[in-house]
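Q: this one's sequence-less:
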């Protein structure tokens, strides 16, 4: 029984960890928090994790019902999330700083909380895991993953101090381009999930 419990935990925790990709999202947290004070950055991280938790829990418990009632497909979330990220990345590259355009609370909600932390990939993973494993195990794995996200994001302040303002601006510009690329990738993935576009590898 203990082995089965452990295996179930691993099989639910790892897919969510990969889907959430907290390590991969850390550079964007640093980029989007440029110019914020330590207090504002902490507040942004807290709001982002809470937002991710709320969105994830809603879809974990009511996802199938919401999708069936509203007739919304996961591909639609991918396209919407990609468009939001693309607009934000363009604003950053043209105006110079995202947080000057949007308050830290809004940056925390969109795009950090969703769709970066809990986006189409995480929502899809939650829905699939809930059909394959006990709901309580998926819930535990999701909560633990959010704690990991919170811990990693809290380290973003160390990265800011290490890079300095000049290094941070350079890195921010580079990752704004990557953010735009991710946005386009999400839109293409959404079109593929909806059957509008066929991707051949």
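A: Thanks, I have it. A quick note: this is a predicted structure, and the numbers were derived from the prediction, not measured. Numbering: from 1, shown residues only.

Q: can we go C-alpha only for contacts and neighbour counts from here?
A: OK.

Q: Return the list of helices and strands in contact with the lengthiest helix in the chain.
A: Counting residues, the longest helix in the chain under DSSP state H turns out to be helix 156-193. Using 3 or more C-alpha pairs under 8 Å, 6 or more residues apart in numbering; DSSP states H and E as the contact criterion, the secondary-structure elements in contact with helix 156-193 are helix 22-32, helix 74-95.

Q: Name the residues of the last one that are buried.
A: Taking 16 or more other C-alpha atoms under 10 Å as the basis for neighbour counts, the residues of helix 74-95 that come out buried are 74-83, 85-86, 88-90, 92-93.

Q: cool, stretch 25-41 as well?
A: Of the residues in stretch 25-41, those with enough neighbours to count as buried (16+ other C-alpha under 10 Å) are 25-36, 41.

Q: contact partners of stretch 58-69?
A: In this structure, residues lying in contact with stretch 58-69 by C-alpha atoms under 8 Å, 6 or more residues apart in numbering are 72-73, 123, 126-127, 130, 139.

Q: no no, stretch 149-160
A: Residues from elsewhere that reach stretch 149-160, judged by C-alpha under 8 Å, 6+ apart: 22-23, 26, 29-30, 38, 41-42, 45-46, 49, 168.

Q: among those, which two are most distant?
A: Spatially, the most separated pair among the contacts of stretch 149-160 is 49 and 168, at 23.0 Å (C-alpha to C-alpha).

Q: Could you check how many residues crowd around residue 174?
A: By the measure other C-alpha atoms under 10 Å, the count of residues near residue 174 is 14.

Q: Pull up the gap between it and residue 34, please.
A: Relative to residue 34, residue 174 is positioned 13 Å away (criterion: C-alpha to C-alpha, to the nearest Å).

Q: For this structure, which helix or strand comes out least confident on mean pLDDT?
A: Of all the helices and strands that make up the chain, helix 98-101 has the lowest average by mean pLDDT, DSSP states H and E, namely a mean of 43.

Q: Who wins on neighbours among the contacts of stretch 58-69?
A: Note: the member of those with the most neighbours is residue 126, at 26 neighbours, neighbours being other C-alpha under 10 Å.

Q: if we can go back for a sec, need the buried residues of stretch 25-41 in a markdown table with pLDDT and distance to residue 195, can you?
A: Shown next, in a markdown table, are those (pLDDT from 0 to 100; distance: C-alpha to C-alpha, whole Å):
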| residue | pLDDT | distance to residue 195 |
| --- | --- | --- |
| 25 | 79 | 28 |
| 26 | 77 | 32 |
| 27 | 73 | 32 |
| 28 | 76 | 30 |
| 29 | 82 | 32 |
| 30 | 77 | 35 |
| 31 | 76 | 34 |
| 32 | 78 | 33 |
| 33 | 78 | 36 |
| 34 | 74 | 38 |
| 35 | 76 | 41 |
| 36 | 80 | 41 |
| 41 | 85 | 40 |
